[in-house]
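Trainee: Sequence and predicted structure, then a few things I'm wondering about:
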Amino acid sequence: QVQLEESGGGLVQAGDSLKLSCTASGRTFRNYAIGWFRQAPGMEREFVARITWDIGTTYYADSVMGRFTISRDNVVNTVYLDMNSLQPEDTAVYYCATTRIFGSTWAAHYNDWGQGTQVTVSS
């Protein structure tokens, strides 16, 4: 059983940047894709970005394309989400999770959810 832990959230102003981390313990991410999702109060969990661990193929939601970058570090078994030009609408709890359905952006296809990290962007 893998355990995921997100970190790096915080309170920032519009236009600022943050870097989130998702670290796995228990096993590696090999043969999985790792997704970042976010959930604002009263909203459904929303896909943000995805990376396949073995090859590093990435995919982004339209709302973050060009502003967010997902990457991985095999040595420390960690996936990152670099967030630039943050806007108030990016405010949410950000989660990472794993999937073997590599093309999916549907939260129901993801497992091993972490506890999340809060990102708050003030205007």
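Mentor: Cool, got the structure.

Trainee: Residue 100: what's it in contact with?
Mentor: Residues in contact with residue 100 (CB atoms under 8 Å, 6 or more residues apart in numbering) are 31, 32, 33. (Glycine included, C-beta is placed from N, CA and C.)

Trainee: switch to 7 Å and redo it
Mentor: Counting by CB atoms under 7 Å, 6 or more residues apart in numbering, residue 100 makes contact with residue 32.

Trainee: For residue 123, see how far away the residue nearest to the spatial centre of the chain is.
Mentor: The centroid of the chain falls nearest to residue 36 when counting by CA atoms, centre = their mean (2.3 Å). Here the criterion is CB to CB, to the nearest Å. By it, residue 36 lies 23 Å from residue 123.

Trainee: With residue 28 instead?
Mentor: From residue 28 to residue 123 the distance is 40 Å (CB to CB).

Trainee: okay, the two: which has more neighbours?
Mentor: Neighbour totals were compared for residue 28 and residue 123, and residue 28 leads with 12 against 9 (other CB atoms under 10 Å).

Trainee: List the beta-bridge partners for residue 5.
Mentor: Beta-bridge partners recorded for residue 5 (DSSP bridges): residue 23.

Trainee: what's the burial count for it?
Mentor: Residues lying near residue 5 (other CB under 10 Å) number 15.

Trainee: next one: residue 54
Mentor: By other CB under 10 Å, neighbour count at residue 54 equals 13.

Trainee: secondary structure class for it?
Mentor: Here residue 54 is recorded as coil under DSSP: H, G, I helix; E, B strand; the rest coil.

Trainee: how much space between it and residue 110?
Mentor: 17 Å.

Trainee: and stretch 20-40, what's its mean pLDDT?
Mentor: In this model, stretch 20-40 has a mean pLDDT of 93.

Trainee: sorry, that was for stretch 1-16
Mentor: For stretch 1-16, the mean pLDDT works out to 95.

Trainee: likewise stretch 96-115?
Mentor: Mean predicted lDDT for stretch 96-115 stands at 95.

Trainee: Over to stretch 50-59?
Mentor: Averaged across stretch 50-59, pLDDT comes to 95.
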